[in-house]
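Participant: give me a model of this one.
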Amino acid sequence: MAFLRDAATVPEAAQAALGGLTHPRHWLALDSAVRSEWWVEGWTSVLRSETPLALALSACDRDGRNRERATTLLTRDDLLPVLAIRATDWVAPVRDTALRLLAELLADPAPHRFQVLLTMAAAMRDRSRAAELISLVGAALHRFPDRLLEPALSCRDRNARRHTVQIAVEAGLLPTERLLRAAVEDPDQIVAVRCAEAAAALTEDAAALLPLLRSPVPTIRALALTRPALDGDAALCAPRLDDRARVVRETAHLGLRRAGLDPAEHYRVALRVQATPARIAGLAETGTREDAPFAQAALEDPRPAVRAEAVRTLHTLGADDPDTLVAMLHDPSGRVLRQVRRALRDHPVPEEKLWPLIAAGLPPATRRAGQRLLLDQGPWIRLRADLLLIEDVDPAIRTVAATDVQAWLQTQQYLPPVPQDMAGLVDDAAGALNERTLKGLRFILGLRSPAPQSQPGTPRHWFLKWRRK
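Facilitator: Numbering: from 1, shown residues only. Okay, here's the model as predicted:
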């Protein structure tokens, strides 16, 4: 605001500052910030200067009369965002003035002006007083779809494109071909899915939706495959059995079953040739416990993604065993370790097999996985692990331990007899605990706090010396 206040009185600087306000967030932040500049020295003289920036600042002033006077002059293209903001003003005369000017502009709008107003309307669509602005923009799009629809769909702001698609789909302004192109090309997933759903609702021809199989969005690929799957088109569904997304694979499974085929057989044959994450996951979705050897063989694969999926598949098929999973905790990949930890939650693991995993010198990923597994054990094992690791050399392990001690204090209040080594562990970790946490631990554990040591020369020292005499 200090920069804008200084730039507002210099035409070149004012124009350069306006050029930097390129996003609706900038304009909304400016509107909010100007109102905080009340009683600033020199502010009134800035508002009275004749530059476009000064006019924009005047239209955001705290005084409603200043805003109303400035709003009547907001006819420049670079000030249209401020005019849109004033169309949602909380003061009725200011709002009515802005809406009247916008209605005149939108009666026969140029595409570039409409794009600016659309972007601002989409950014403020949740405001309580934005209904009339939204209505004006929507009405203009309805009246001039040939002129305004393509610029609106090519707008860089994704909220504007979402708003455009919502209006156009509800009004039936977009043909199937344009919806399909937007579903494949638009980088925003919400816009792409909305267009794909609208295209599917408009056409009965399943072949017309096949271009959607090129989409990077799994939901859209599954939508394109739904009708062939319901028709039992195995020739079209079979290539999608190895899709990386589960929703697409399951749609392809439906197509093969409708055709009287077993999708699990495809994965058995394919895994004999090469293991991939999608094929192993597909076997978990369609196979049985007897298919576990395929996943067990993949545990030795050099690719972490394949090993992680093999662990998940073994767990899904109910063919994993705790010893193999504990051995996998030494895997160098964090992706594999996350799957192993999830699988071990359903298997009781003796704590003596977990303590070696946090030994110094092991890879950080293994030690962190071992810590997490220890924290899933009983309350005493959990607290013991926290106290042992609260001063660890690994900052991530230290942070988890310190945070979990606080959580332990809040959840554990009535405990069985305290283990004998707990007092020593608390004393050893005292330097890493704040005073409140240390007192809470000693209180819950029933440990006596050490008596403070008085120093020679203190009043209490002389009192005790006099009393002994």
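Participant: only the buried residues of stretch 226-245, if you could.
Facilitator: For stretch 226-245, the neighbour count (16 or more other CB atoms under 10 Å) marks 227-229, 232-234, 236-238, 240-243, 245 as buried. Yep, even glycine has a C-beta here, placed from its N, CA and C like the rest.
Participant: greatest separation within the residues you listed: which pair is it?
Facilitator: Spanning the widest gap among those are 232 and 245, at 21.4 Å by CB to CB.
Participant: spatially, what comes nearest to residue 21 if we skip its sequence neighbours?
Facilitator: With sequence-adjacent residues excluded and distances taken as CB to CB, 6 or more residues apart in numbering, residue 21 is closest to residue 27, at 5.9 Å.
Participant: give me the neighbour count for residue 417.
Facilitator: By the criterion of other CB atoms under 10 Å, residue 417 has 7 neighbours.
Participant: what about it, which SS state?
Facilitator: Put simply, residue 417 is coil when judged by DSSP: H, G, I helix; E, B strand; the rest coil.
Participant: how about it, what does it touch?
Facilitator: Residue 417 makes no contacts at all, as judged by CB atoms under 8 Å, 6 or more residues apart in numbering.
Participant: now stretch 172-186 - C-alpha only, CSV.
Facilitator: Taking Å, rounded to 0.1, in the frame of the first residue of the first chain, the C-alpha atoms of stretch 172-186 are listed here in CSV:
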residue,chain,number,x,y,z
GLY,A,172,-27.1,-26.7,-23.7
LEU,A,173,-24.7,-24.2,-25.4
LEU,A,174,-21.9,-26.7,-26.1
PRO,A,175,-22.1,-29.5,-28.7
THR,A,176,-20.8,-33.0,-28.0
GLU,A,177,-17.6,-32.5,-30.1
ARG,A,178,-16.6,-29.4,-28.1
LEU,A,179,-17.4,-31.1,-24.8
LEU,A,180,-15.2,-34.1,-25.8
ARG,A,181,-12.4,-31.8,-26.8
ALA,A,182,-12.5,-29.9,-23.4
ALA,A,183,-12.7,-33.2,-21.5
VAL,A,184,-9.4,-34.4,-23.1
GLU,A,185,-7.5,-31.1,-23.3
ASP,A,186,-8.5,-28.9,-20.3
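Participant: just the buried residues of it, please?
Facilitator: By neighbour count with 16+ other CB under 10 Å, stretch 172-186 contains the buried residues 173, 174, 176, 178, 179, 180, 181, 182, 183, 184, 186.
Participant: residue 74 contacts residue 60, correct?
Facilitator: No: the criterion here is CB atoms under 8 Å, and residue 74 misses it with residue 60 at 10.8 Å.
Participant: now the common contact residues for these two.
Facilitator: By CB under 8 Å, 6+ apart, residue 74 and residue 60 have these common neighbours: residue 82.
Participant: where does this structure dip in pLDDT?
Facilitator: Along the chain, segments meeting pLDDT under 70 span 37-49, 413-416, 448-469.
Participant: can you list the domain ranges for it.
Facilitator: If you go by automatic domain parsing, the domain ranges for the chain are 1-105, 174-261, 262-349, 351-448.
Participant: turn those into JSON lines, columns for distance to residue 119.
Facilitator: JSON lines is the format used below for the domains of the chain (distance: least, CB to CB, whole Å):
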{"stretch": "domain 1-105", "distance to residue 119": "6"}
{"stretch": "domain 174-261", "distance to residue 119": "14"}
{"stretch": "domain 262-349", "distance to residue 119": "40"}
{"stretch": "domain 351-448", "distance to residue 119": "42"}
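Participant: can you tell me which of those domains is nearest to residue 132?
Facilitator: Per CB to CB, nearest to residue 132 of those: domain 1-105, 5.6 Å.
Participant: what about that closest one, how long is it end to end?
Facilitator: One end of domain 1-105 sits 30 Å from the other (CA to CA, to the nearest Å).
Participant: next one: stretch 198-211
Facilitator: End-to-end distance of stretch 198-211 (CA to CA): 15 Å.
Participant: in that stretch, what counts as buried?
Facilitator: Per 16+ other CB under 10 Å, stretch 198-211 contains these buried residues: 198, 199, 200, 202, 206, 208, 209.
Participant: find the nearest non-adjacent residue to the second one, please.
Facilitator: What that stands for is residue 199. Spatial nearest neighbour of residue 199, excluding adjacent residues (CB to CB, 6+ apart): residue 179 at 3.9 Å.
Participant: how about the one you found, secondary structure?
Facilitator: Relying on three-state DSSP, one would call residue 179 helix.
Participant: all helices of the stretch 201-350 of the chain, in order?
Facilitator: Along the stretch 201-350 of the chain, the segments classed as helices by DSSP state H, counting those that start in this stretch run 218-230, 234-237, 246-258, 263-273, 277-286, 292-298, 304-316, 322-328, 334-344.
Participant: could you dump those to TSV with distance to residue 405?
Facilitator: Listed next are these as TSV, based on distance: least, CB to CB, whole Å:
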stretch	distance to residue 405
helix 218-230	41
helix 234-237	53
helix 246-258	38
helix 263-273	46
helix 277-286	38
helix 292-298	38
helix 304-316	31
helix 322-328	26
helix 334-344	21
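Participant: how about the residue nearest the centre of the chain, what does it touch?
Facilitator: For the chain, the residue nearest the mean C-alpha position is residue 189 (13.6 Å; CA atoms, centre = their mean). The contact partners of residue 189, by CB under 8 Å, 6+ apart, come to residue 217.
Participant: measure it to residue 220 for me?
Facilitator: Separation of residue 189 from residue 220 (CB to CB, to the nearest Å): 9 Å.
Participant: what of residue 252?
Facilitator: Distance check for residue 252 against residue 220: by CB to CB, it reads 15 Å.
Participant: for residue 405, same thing?
Facilitator: Plainly put, residue 405 is 47 Å away from residue 220 if you go by CB to CB.
Participant: in terms of neighbours, single out the busier of the two.
Facilitator: residue 220 (25 against 22).
Participant: that one touches residue 192, doesn't it?
Facilitator: Yes: at 6.1 Å, residue 220 counts as touching residue 192 under the criterion of CB under 8 Å.
Participant: any residues in contact with both of these two?
Facilitator: In terms of CB under 8 Å, 6+ apart, residue 220 and residue 192 are both contacted by the residues 183, 184.
Participant: who touches residue 283 in this structure?
Facilitator: Neighbouring residues of residue 283 by CB under 8 Å, 6+ apart: 264, 267, 268, 271, 291, 294, 295, 313.
Participant: now do 10 Å
Facilitator: Residues near residue 283 by CB atoms under 10 Å, 6 or more residues apart in numbering: 263-264, 266-268, 270-271, 275, 291-292, 294-295, 298, 309-310, 313, 316-317.
Participant: and if you look at residue 164?
Facilitator: 115, 118, 122, 137-138, 141, 148-155, 173-174, 182, 191.
Participant: with residue 433 instead?
Facilitator: Going by CB under 10 Å, 6+ apart, the list of residues near residue 433 reads 387, 390, 391, 402, 405, 406, 426, 439, 440, 441.
Participant: write the ChimeraX selection for whichever of these are buried.
Facilitator: In ChimeraX, a selection of the buried entries from the contacts of residue 433 looks like this (16+ other CB under 10 Å):
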select :387,390,402,405,426,440,441
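Participant: so what's the gap between the helix or strand hosting residue 55 and the chain middle?
Facilitator: Per DSSP states H and E: residue 55 is located in helix 52-58. What separates the centre of helix 52-58 from the centre of its chain is 37 Å, taken as CA atoms, centre = their mean, to the nearest Å.
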